[in-house]
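> whatever this is, show me its structure:
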Amino acid sequence: SIISILDSAFKLIVVYLSFHYLNSEMINVLISVALSAFAVYLFANWHFRHHVELSTLPVDQLKKRAFSTLAKSLPLLLPMLFAALKGVGDRWVLAAYIGVEELAAFTVLLQIGYFPILIVVGVIQTYIAPKVYALSSCAIRESYNELIRYLSFVLSGIFLLAIIGGVISFFLADYVFSFFVSELYEGYAIYLFLFVISGAVTAAGGILNLALIGVFNSNIAGRIMLISVIFGILVAFALIIMYGFVGGVAAMLITSLFSSLMYY
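Numbers count the residues shown, from 1 in each chain. A predicted model of the protein is given here:
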């Protein structure tokens, strides 16, 4: 956690210095990010070498454990690969069918509406994930029933957050845009509440995914995740091609709802 925080903070500092003392050309930003990442890598490497004790198990046992872990995770590899490709591919389709200006507006909406909700719920998820895993890994009915009650409580809180955030962002979108971005994007403020709701629904799906992996073996969980991701890819590409920017917004909301319902 400390190294992750250091990585983000160091990138912000170095990129800020690049903008402040150099110019805003892309090459300077890329060099800044690369240098900061390399510096954090050197620190992490030094830390692991000097402060992390190596396992005392024989090498052959370590190899067996590593192979067993890899074999169990293979069914999850394909859906995770498709999810990563979707995260990049929908940007390609957006750029191809709506143009760079609307793609920039879409990215702005993600940054001020979608990602903040994911970050907030992500912080909460670090605290509830151990209990979800503990309850989902017990093969007794009482634990399963408690897991259902616990997930229902968490999901109710997230959807309450979605409603409150959606209402606030609907009425204050113009003020948010005028504060964070230039007037070039103010015409897109009407879509902000949809990004807030989509972020909350996606976060709910992420928590349900924890229980999915805990309750089911990796083969079943991998198939369910693969169906969800393929559906998301097809819907996103189809709606963006047919309806452009509005299709991209609709696809984001539809795919996040579908994934959450699938996992539920």
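> run the chain-centre distance for the helix or strand of the chain with the lowest mean pLDDT.
Lowest by mean pLDDT, DSSP states H and E among the helices and strands of the chain is helix 59-98, with a mean of 82. Remark: helix 59-98 is offset 14 Å from the chain centroid, using C-alpha atoms, centre = their mean, to the nearest Å.
> and the next element down the chain from it?
Sequence order places helix 100-109 as the next helix or strand after helix 59-98, per DSSP states H and E.
> what's that next one in contact with?
With contacts defined as C-beta atoms under 8 Å, 6 or more residues apart in numbering, helix 100-109 is touched by 91, 94-95, 98, 180-181, 185, 188, 191-192, 195, 244-245, 248-249. No exception for glycine: its C-beta is placed from N, CA and C like everyone else's.
> just checking, next helix/strand downstream of that helix?
Using DSSP H and E, the helix or strand that follows helix 100-109 in sequence is helix 115-136.
> ok, now which ones touch Leu78?
Residues in contact with Leu78 (C-beta under 8 Å, 6+ apart) are 222, 226.
> sketch out the low-pLDDT regions of the stretch 51-200 of the chain for me.
54-55, 139 (pLDDT under 70).
> picking that back up, most neighbours among the contacts of helix 100-109, please name it.
Phe195 (28 neighbours; other C-beta atoms under 10 Å).
> what about it, which helix or strand?
Assessed by DSSP H and E, Phe195 sits inside helix 192-215.
> can I get that helix as CSV, trimmed to CA atoms?
Output in CSV follows, covering the C-alpha atoms of helix 192-215 (Å, rounded to 0.1, in the frame of the first residue of the first chain):
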residue,chain,number,x,y,z
LEU,A,192,-22.4,13.8,-15.4
PHE,A,193,-25.0,12.1,-13.2
LEU,A,194,-25.0,9.0,-15.5
PHE,A,195,-21.3,8.6,-15.0
VAL,A,196,-21.7,8.9,-11.3
ILE,A,197,-24.4,6.2,-11.3
SER,A,198,-22.3,4.0,-13.6
GLY,A,199,-19.4,4.3,-11.3
ALA,A,200,-21.4,3.2,-8.3
VAL,A,201,-23.0,0.2,-10.2
THR,A,202,-19.5,-0.8,-11.4
ALA,A,203,-18.2,-0.6,-7.9
ALA,A,204,-21.1,-2.8,-6.7
GLY,A,205,-20.2,-5.3,-9.4
GLY,A,206,-16.6,-5.3,-8.2
ILE,A,207,-17.7,-6.3,-4.7
LEU,A,208,-20.0,-9.0,-6.0
ASN,A,209,-17.1,-10.3,-8.0
LEU,A,210,-15.2,-10.9,-4.8
ALA,A,211,-18.0,-13.1,-3.5
LEU,A,212,-18.2,-14.8,-6.9
ILE,A,213,-14.6,-15.8,-6.8
GLY,A,214,-14.9,-16.9,-3.2
VAL,A,215,-18.1,-19.0,-3.5
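> good, we can wrap up now.
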